[in-house]
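Peer 1: need coordinates for the following:
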Amino acid sequence: MSTELVQTIAEIRHRLESIRSSHQIIGLVPTMGALHAGHESLIQQARKEADCLVVSIFVNPLQFGPKEDYTRYPRMPEADLDFCRRLDVDLIFAPEVEEMYPTPSLTSVEVARMTDHLCGPFRPGHFSGVATVVAKLFHIIQPQRAYFGEKDAQQLRVIERMVSDLNLAVTVVAVPTVRESDGLAVSSRNQYLSPEERRSAPILYRALQAAQQAIAEGVLDCGEARKRALAVLEQDQSVKVEYLEIVDPEEMQPVEQITGPVRVAGAIRIGAIRLIDNLLIAP
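Peer 2: Numbering: from 1, shown residues only. Below is the predicted model:
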């Protein structure tokens with residue numbers, strides 16, 4: 001089956017009817033395009049496990065905040081199509097905004113509590129927009145398996161909780177973060193970094209590693225572990241820290257003492273570019 005581009009809901013449902021009726025496994029990798037090595041890891045994992053692999057490419061306006069430029073998000077449809085062909089994707093679902101939201105959406109999915117910290121306060125409405133569009137994609141495509149990267153750990157947990165709470169018939173598969181040789185987590189945003197900013201960018205990963213090292217040395221006070229991580233970030237004056245927190249991996253709530261696995265997560269700004277990263281740490 002060669003890679004097919006489908007742009008309407010009716011057509012993607014029609015294409016998947018025979019796949020579903022023959023009880024084959026449908027795998028979905030939801031993306032906003034500008035595909036990179038991180039997406040490649042998701043697609044490769046899905047390709048191993050799915051009989052029919054669907055990659056959705058949709059820049060979802062609902063997840064952009066009032067100060068975030070939806071129009072500037074990178075769009076490269078031809079390159080994305082070639083990328084998917086190379087990785088043996090069966091179907092690309094790339095609807096227009098009018099197809100997904102023919103009328104202003106009055107219905108949304110809100111996952112409470114686990115969006116109260118980390119990125120939540122800095123991106124109001126973002127996780128509701130993500131949960132809503134992923135719920136729509138799950139209903140449209142009805143995959144048995146869907147693949148998400150651990151780089152967006154808070155997003156991953158939101159989707160996992162939505163699936164659990166709403167009894168959606170899909171298995172969410174978490175795929176490890178893909179990194180550049182210097183530790184920088186691969187992201188569509190990285191292409192906007194100037195050469196100088198790119199040299200600064202791995203400092204976030206080094207800060208997370210400092211917290212990891214502290215915990216490995218027996219530090220169980222989160223304040224002390226955070227202090228060590230923040231000390232790394234303070235070494236570069238071009239870096240603005242948005243947050244650096246230590247949270248429980250399940251509900252993304254801040255913890256004071258480390259008694260089990262924790263996730264150290266951070267967001268920084270270098271110039272106009274916002275970068276996020278995280279590490280799961282078991283003491």
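Peer 1: average pLDDT across the one helix or strand V241 maps to?
Peer 2: In the assignment (DSSP states H and E), V241 maps to strand 239-247. For strand 239-247, the mean pLDDT works out to 98.
Peer 1: what lies in contact with that strand?
Peer 2: Residues outside strand 239-247 that contact it (Cβ atoms under 8 Å, 6 or more residues apart in numbering) are 117-118, 122, 200, 203-204, 207, 211, 222, 225-226, 229-230, 233, 253-255, 258, 262-270, 274. All C-beta spots, glycine's among them, are computed from the backbone N, C-alpha and C.
Peer 1: buried subset of those residues?
Peer 2: Neighbour-count burial (16 or more other Cβ atoms under 10 Å) applied to these gives 117-118, 200, 203-204, 207, 211, 222, 225-226, 229, 233, 258, 262-268, 270, 274.
Peer 1: just the CA atoms of the helix or strand that comes right after the strand holding V241, as CSV, please.
Peer 2: With elements assigned by DSSP H and E, the helix or strand that comes after strand 239-247 is strand 262-270. What follows is strand 262-270 as a C-alpha-only set of coordinates in CSV (Å, rounded to 0.1, in the frame of the first residue of the first chain):
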residue,chain,number,x,y,z
VAL,A,262,9.6,11.9,39.9
ARG,A,263,9.6,13.9,36.7
VAL,A,264,11.9,16.9,36.6
ALA,A,265,10.5,19.2,33.9
GLY,A,266,11.5,22.6,32.7
ALA,A,267,10.7,25.3,30.2
ILE,A,268,13.1,28.1,29.1
ARG,A,269,13.0,30.9,26.6
ILE,A,270,16.1,31.7,24.4
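Peer 1: so strand 262-270 versus strand 239-247, what angle?
Peer 2: 170 degrees (axes from the mean of the first three to the mean of the last three Cα atoms, to 10 degrees).
Peer 1: shaky segments in this protein?
Peer 2: Residues of the chain that meet the criterion pLDDT under 70 lie in 1.
Peer 1: helices of that one, start to end?
Peer 2: Listed in chain order, the helices of the chain (DSSP state H) span residues 9-21, 37-49, 77-86, 97-100, 126-141, 153-165, 195-200, 203-216, 222-233.
Peer 1: how is the chain divided into domains?
Peer 2: Following automatic domain parsing, the chain resolves into domains at 4-175, 188-281.
Peer 1: can you redo the ones you listed as a markdown table with distance to D182?
Peer 2: Output for the domains of the chain, formatted as a markdown table (distance: least, Cβ to Cβ, whole Å):
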| stretch | distance to D182 |
| --- | --- |
| domain 4-175 | 14 |
| domain 188-281 | 4 |
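Peer 1: out of these, flag the one nearest S181.
Peer 2: S181 lies closest, by Cβ to Cβ, to one member of the domains of the chain: domain 188-281, at 9.5 Å.
Peer 1: and the closest one, how far from the chain's centre?
Peer 2: Chain-centre distance of domain 188-281: 17 Å, with Cα atoms, centre = their mean, to the nearest Å.
Peer 1: so for K67, which of the helices of the chain sits nearest?
Peer 2: Closest approach to K67 among the helices of the chain is made by helix 126-141 (11.3 Å; Cβ to Cβ).
Peer 1: and that closest one with helix 9-21, angle?
Peer 2: 60 degrees.
Peer 1: CA atoms only for helix 126-141, dumped as PDB, please.
Peer 2: The C-alpha trace of helix 126-141 is given here as PDB (Å, rounded to 0.1, in the frame of the first residue of the first chain):
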ATOM      1  CA  HIS A 126      -3.500  24.800  25.400                       C
ATOM      2  CA  PHE A 127      -4.200  21.400  27.000                       C
ATOM      3  CA  SER A 128      -7.900  21.700  26.500                       C
ATOM      4  CA  GLY A 129      -7.200  22.400  22.800                       C
ATOM      5  CA  VAL A 130      -4.800  19.400  22.600                       C
ATOM      6  CA  ALA A 131      -7.300  17.000  24.400                       C
ATOM      7  CA  THR A 132     -10.200  18.200  22.200                       C
ATOM      8  CA  VAL A 133      -8.400  17.700  18.900                       C
ATOM      9  CA  VAL A 134      -6.900  14.300  20.000                       C
ATOM     10  CA  ALA A 135     -10.400  13.200  21.100                       C
ATOM     11  CA  LYS A 136     -11.700  14.200  17.600                       C
ATOM     12  CA  LEU A 137      -8.900  12.300  15.900                       C
ATOM     13  CA  PHE A 138      -9.600   9.200  18.000                       C
ATOM     14  CA  HIS A 139     -13.300   9.300  17.000                       C
ATOM     15  CA  ILE A 140     -12.500   9.900  13.300                       C
ATOM     16  CA  ILE A 141      -9.800   7.300  12.900                       C
END
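Peer 1: much appreciated, bye for now.
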